[in-house]
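Enquirer: sharing a sequence plus its predicted fold:
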Amino acid sequence: MSKLGVFDVSVRYGKVPALTDVSLQIEEGERVFISGPNGAGKSSLLKAICGAVPTTHGRIEIGGMLVAGRPPEAIARLGMTMVPEGRDIFGTLTVEENLRVGTGIRRDRDAIESDIDEIYENFPILGERRQANAGALSGGQQQMLAIGRGLMTNPKVMMVDEPSLGLAPNIVDQVYETLIRLQKDRGLTLVIVEQSSARAARVGGRMVLLRGGTVVDEGDAAEFAERDLLKEAYFGQSAEEPA
Ligand SMILES: Nc1ncnc2c1ncn2[C@@H]1O[C@H](COP(=O)(O)OP(=O)(O)OP(=O)(O)O)[C@@H](O)[C@H]1O
Ligand SMILES: [Mg+2]
């Protein structure tokens, strides 16, 4: 059974179509990159999957369970979490308070403390700075905090919207190393919005290319990067630019 199924899904904001009849199957434990230019609908796809925006057409299933009509908390209980674009860190709250923000949906209150400890083991810098205001963290540390907060709902599927945004390349390396380690340790399914095909190729996985709200191409990330390099050779476009 496919872990995550998106079938003919459309999303509109008033009259603005953001996604039109998008279909996508993601297997348990898979790593999938969603790429495409600005406004392609990448964030809208992630938001539709986690219930943050309603769909106007189609259906979404997680582990065979229909998502439609469930509030975001109920979808989170099905094992879905999203680390949003821009990270949505509460700058005036401490690191630890940020980690506790999403835990209201949990019924296993006793496990929260041990999960917080586990996150500090995974991210020692967050442990060291647990009482610091999150706004005082570096961009890379804030991205780690956003990922750590996403883990607090014990997800099976983690979607991360543009983790590279605004970070220096060596910090992006660290973020991806962390995501891959978490995927191995927890058997997570990872869905990552990533504009750089070169980066996706280095990390490895499947690439889904969106443009104008539809899936225009799909395949191995390394093959996409190779094609981009060819494009660069012929047209002088940079492989680091959005596909
Ligand atoms: N809240 C909103 N209200 C109205 N239109 C929106 C809203 N959010 C997104 N859109 C529009 O929907 C379309 C898809 O946007 P979306 O944010 O999903 O794209 P994206 O691929 O994530 O872009 P980016 O690379 O800039 O993050 C765009 O035309 C965008 O202008
Ligand atoms: Mg976006």
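Expert: Great, that's in hand. Residues are numbered from 1 along each chain as shown. Ligands and ions are numbered 1, 2, ... in the order given.

Enquirer: sketch out the strands for this structure, chain order is fine.
Expert: 4-13, 16-26, 31-35, 57-62, 65-66, 80-83, 157-161, 189-193, 206-211, 214-220 (DSSP state E).

Enquirer: compute the inter-axis angle for the last one and strand 4-13.
Expert: Taking axes from the mean of the first three to the mean of the last three Cα atoms, to 10 degrees, one finds strand 214-220 and strand 4-13 inclined to each other by 150 degrees.

Enquirer: mind starting the numbering at 45 from now?
Expert: In the new numbering, first residue 45, that becomes strand 258-264.

Enquirer: quick one: the residue of the chain found nearest ligand 2 from ligand 1, how far?
Expert: Nearest to ligand 2 in the chain, going by Cβ to the ion, is residue 87, at a distance of 3.1 Å. C-beta: built from backbone N, CA, C; applies to glycine. Here residue 87 is placed at a distance of 3 Å from ligand 1 (Cβ to the nearest ligand atom, to the nearest Å).

Enquirer: one more: residue 109?
Expert: The gap separating residue 109 from ligand 1 is 24 Å, by Cβ to the nearest ligand atom.

Enquirer: same question, residue 219
Expert: From residue 219 across to ligand 1, the span is 17 Å (Cβ to the nearest ligand atom).

Enquirer: can you list the buried residues in stretch 177-192?
Expert: 177, 178, 181, 184, 185, 186, 187, 188, 189, 190, 191, 192 (16 or more other Cβ atoms under 10 Å).

Enquirer: now do stretch 54-73
Expert: Quick answer for stretch 54-73 (16+ other Cβ under 10 Å): 54, 55, 56, 61, 62, 63, 64, 66, 68, 70.

Enquirer: so, low pLDDT: which residues of the chain?
Expert: By pLDDT under 70, the low-scoring segments of the chain are 45-46, 276-287.

Enquirer: residue numbers of it in contact with ligand 2?
Expert: Counting by Cβ under 5 Å from the ion, the positions of the chain adjacent to ligand 2 are 86, 87, 129.

Enquirer: residues near the first one, how many?
Expert: Around residue 86 sit 25 other residues, with neighbours defined as other Cβ atoms under 10 Å.

Enquirer: correct me if wrong: it contacts residue 235.
Expert: No - using Cβ atoms under 8 Å, residue 86 is not in contact with residue 235; the gap is 10.2 Å.

Enquirer: okay, and the common contacts of the two?
Expert: Jointly contacting residue 86 and residue 235 under the rule Cβ atoms under 8 Å, 6 or more residues apart in numbering are residue 78.

Enquirer: in this structure, where's the longest helix?
Expert: Of all the segments of type helix in the chain, defined by DSSP state H, the longest one is helix 213-230.

Enquirer: quick one: the most centrally placed residue in the chain and residue 152, what's the gap?
Expert: Nearest to the mean C-alpha position of the chain, by Cα atoms, centre = their mean, lies residue 204 at 1.5 Å. As defined by Cβ to Cβ, to the nearest Å, residue 204 lies at a distance of 24 Å from residue 152.

Enquirer: can you pull the contacts of residue 138?
Expert: Counting by Cβ under 8 Å, 6+ apart, residue 138 touches 174, 175, 176, 177, 178.
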